[in-house]
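Peer 1: Just the structure for this:
(one chain, ligands or ions: 1)
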Amino acid sequence: MELTKIKNRIIALTILSTLLISCGGVPEEKSAVALEEKTFSVEEVLEMVAKENDVTRTLYTKAIVGKGKKQGMKFDEDWRKDDIEAGPLPALFLRGVATSIRKGPVPLGLYLGSDFPVNAANKFEGKQAELFSQIKKDQKPQFFYDEDQKLHTAMFADLASAGACVSCHNEHPQTAKSDWKLGDVMGATTWQYPKDSLTYKETVAVLNSYAKGTVDIYMEYLDEIEAFKESEKPEIGSKWPEEGNYLPTAEVFLDSVRKLASYETMKQLVASK
Ligand code: HEC
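Peer 2: Modelled structure (predicted):
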């Protein structure tokens, strides 16, 4: 399972969606040109990538961490340490995606924060703290232009969607709050981008940088497993932890994300305004 193969696949999927679009009944050339010329507001794009993130995060939390724990797999905040044989917690998976995006050429920022964080470094401040209290009330996304950083900023509710979110946070020794309930707004993902409108190409680049980030951190997890000395290594292939001591390859994982998310994203990419 080489990274190049997966990257090619991401590109192939992008081309495939472009092709699907150009077969939509309109004369091919005209449609392709129309697509190239299409622009999206930064709000629309951040909403699309946030949706992809929701699917990825839920899939990782439920199908990998939740089911994996039942198979005896371990997930830990110190998963990168040599003497700890574990995978990344959901929040650290997300941070891994953010780190990968930051290293790449796309100027997309991603951050997970809260008003009662486990890690004090994740506490919202200033304008984001203000808007987060609104998100807690109505769970609606918030958009604003951050004058200091000169970045368009979007915030989306991060919900306690699984029992594991609640129990782990409530019981954590560093927690700032120990009565989280299922369905609570536990935090928000903050996304930032410097421009207020994006071409179709820039939009696809944003989506691809997110997908590549997912693959990067997932591959790091698989590498970590490769180095396990004490723990039993799960078999990595096409099966999921639900079926036993298995983990999907990065490609299988990404495929599932794509199946769950890309239809919605694609509809938005091709919708005419
Ligand atoms: C097994 C433990 C565990 C599970 C499960 C877990 N978290 Fe966390 N979460 C943590 C830890 C530890 C951190 C702090 C990570 C860091 O150092 O930034 C964190 C960070 C966060 C943050 C950033 C603010 C903060 O508290 O530092 C949010 C928001 C969050 N988690 C929400 C969730 C949601 C929603 C789920 C379920 C979908 C979830 N968590 C599942 C342990 C967990």
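Peer 1: from here on, contacts and neighbour counts on C-alpha atoms
Peer 2: Will do.
Peer 1: Tell me the residues of the stretch 101-250 of the chain that contact the ligand?
Peer 2: Residues of the stretch 101-250 of the chain lying close to the ligand by C-alpha under 6 Å from any ligand atom are 112-114, 117-119, 122, 158-162, 164-165, 168-169, 186-188.
Peer 1: if you set the cut-off to 8 Å instead, what comes out?
Peer 2: With C-alpha under 8 Å from any ligand atom as the criterion, the stretch 101-250 of the chain meets the ligand at residues 112-123, 158-169, 172, 175, 185-189.
Peer 1: Sitting in strands, which of these do you find?
Peer 2: In strands, judged by DSSP state E, the following of these are found: 112-113, 158-159, 185-189.
Peer 1: Between the two ends of stretch 181-190, what distance do you get?
Peer 2: This stretch, stretch 181-190, spans 22 Å end to end (C-alpha to C-alpha, to the nearest Å).
Peer 1: ok, residues contacting that stretch?
Peer 2: 50, 109-116, 132, 135-136, 139, 153-163, 166, 180 (C-alpha atoms under 8 Å, 6 or more residues apart in numbering).
Peer 1: contacting residues for K195?
Peer 2: Going by C-alpha under 8 Å, 6+ apart, the list of residues near K195 reads 42, 151-152.
Peer 1: Now flag whichever of those residues is closest to L59.
Peer 2: Among the contacts of K195, V42 lies closest to L59 (C-alpha to C-alpha), at 25.8 Å.
Peer 1: Just list the residues touching the closest one, thanks.
Peer 2: 152, 193, 195-198.
Peer 1: rerun that using 7 Å as the cut-off
Peer 2: If you count contacts by C-alpha atoms under 7 Å, 6 or more residues apart in numbering, V42 has them with 195-198.
Peer 1: Could you tell me which residues within whichever strand or helix holds E130 count as buried?
Peer 2: Element membership of E130 [criterion: DSSP states H and E] is helix 126-138. For helix 126-138, the neighbour count (16 or more other C-alpha atoms under 10 Å) marks 128, 131-132, 135-136 as buried.
Peer 1: Confirm Y145 sits in a strand?
Peer 2: Yes: checked against DSSP: H, G, I helix; E, B strand; the rest coil, Y145 lies within a strand.
Peer 1: how far away is it from T153?
Peer 2: Counting by C-alpha to C-alpha, the gap from Y145 to T153 is 6 Å.
Peer 1: Tell me how far the helix holding E130 lies from the chain's centre.
Peer 2: 21 Å (C-alpha atoms, centre = their mean, to the nearest Å).
Peer 1: Touching, G68 and P241? I think so.
Peer 2: Yes: applying C-alpha atoms under 7 Å as the test, G68 and P241 come out as touching, 5.1 Å apart.
Peer 1: I'd like the buried residues of helix 126-138 as a markdown table, with pLDDT appended.
Peer 2: Formatted as a markdown table, the buried residues of helix 126-138 follow (pLDDT from 0 to 100):
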| residue | pLDDT |
| --- | --- |
| Q128 | 96 |
| L131 | 97 |
| F132 | 98 |
| I135 | 98 |
| K136 | 97 |
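Peer 1: would CSV of those residues with distance to D54 be doable?
Peer 2: Shown next, in CSV, are the buried residues of helix 126-138 (distance: C-alpha to C-alpha, whole Å):
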residue, distance to D54
Q128, 20
L131, 20
F132, 18
I135, 16
K136, 17
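Peer 1: ok, Y145 and T153, which is more surrounded?
Peer 2: The neighbour comparison of Y145 against T153 (other C-alpha atoms under 10 Å) goes to T153, with 23 against 15.
Peer 1: and the more buried one, backbone torsions?
Peer 2: phi -130, psi 140 (degrees, to the nearest 10).
Peer 1: Contacts only, for it.
Peer 2: 143-146, 190-193.
Peer 1: Could you do K233 as well?
Peer 2: Here K233 is in contact with I225 (C-alpha under 7 Å, 6+ apart).
Peer 1: Could you measure from the residue of the stretch 1-150 of the chain found nearest the ligand over to K137?
Peer 2: The stretch 1-150 of the chain approaches the ligand most closely through P117 (3.2 Å), counting by C-alpha to the nearest ligand atom. Separation of P117 from K137 (C-alpha to C-alpha) stands at 18 Å.
Peer 1: And for A63?
Peer 2: 29 Å.
Peer 1: same check, this time on I236
Peer 2: For I236 relative to K137 (C-alpha to C-alpha), the value is 42 Å.
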